[in-house]
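S.K.: A predicted structure for the sequence below; I have some questions about it.
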Amino acid sequence: MKNFKVLGSGCSKCQKTAESITDIAAEKGVQIELEKVTDAETIMGYGVMRTPAVVLDEQVVHSGSIPHRTDIESWLN
């Protein structure tokens, strides 16, 4: 199982990022755990300055925009 965290304030882009990851994982039949992190101190602990950001298995893989479908699919493989 892959563990994702979406880091951000809870804005519409952050929500869309979480929805996209969840939806694409379901389409591909990949089990994931997804956590939304809104605490600024925790987000800064990952070294993220722009949100939304995506953390996969405790490694930042994307920040600053909604990730493209191809990126999400590559994380699920």
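M.R.: Received, thanks. Numbering: from 1, shown residues only.
S.K.: residue ranges with poor pLDDT in the chain?
M.R.: Low-confidence segments of the chain (pLDDT under 70): none present.
S.K.: have a look at it and report its longest helix.
M.R.: helix 12-28 (DSSP state H).
S.K.: for this protein, what spans make up the helices?
M.R.: Using DSSP H, helices in the chain cover 12-28, 40-45, 69-76.
S.K.: buried ones in the longest helix of the chain?
M.R.: K13, C14, T17, A18, S20, I21, I24, A25 (16 or more other CB atoms under 10 Å). (Glycine included, C-beta is placed from N, CA and C.)
S.K.: out of these, which comes closest to D39?
M.R.: Closest approach between those and D39, by CB to CB: C14, at 12.9 Å.
S.K.: compute the distance between the closest residue to the closest one other than its chain neighbours and M1, please.
M.R.: In space, and not counting its chain neighbours, C14 is closest to G8: 3.3 Å by CB to CB, 6 or more residues apart in numbering. For G8, the distance to M1 equals 22 Å [CB to CB, to the nearest Å].
S.K.: between those two, who's got more neighbours?
M.R.: Neighbours per residue, other CB atoms under 10 Å: of G8 and M1, the larger number sits with G8, 23 against 7.
S.K.: what's opposite K5 in the beta bridge?
M.R.: Beta bridges link K5 to E35, V55 when assigned by DSSP bridges.
S.K.: give the contact list for it.
M.R.: Contacts for K5 (CB atoms under 8 Å, 6 or more residues apart in numbering) come out as L34, E35, K36, V37, V54, V55.
S.K.: can I get the buried part of the residues you listed as one PyMOL selection?
M.R.: Only the buried entries of the contacts of K5 go into this PyMOL selection, using 16+ other CB under 10 Å:
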select buried, resi 34+37+54+55
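S.K.: need the contacts of K5 in JSON lines with distance to P67, can you?
M.R.: Shown next, in JSON lines, are these (distance: CB to CB, whole Å):
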{"residue": "L34", "distance to P67": "13"}
{"residue": "E35", "distance to P67": "16"}
{"residue": "K36", "distance to P67": "15"}
{"residue": "V37", "distance to P67": "16"}
{"residue": "V54", "distance to P67": "6"}
{"residue": "V55", "distance to P67": "12"}
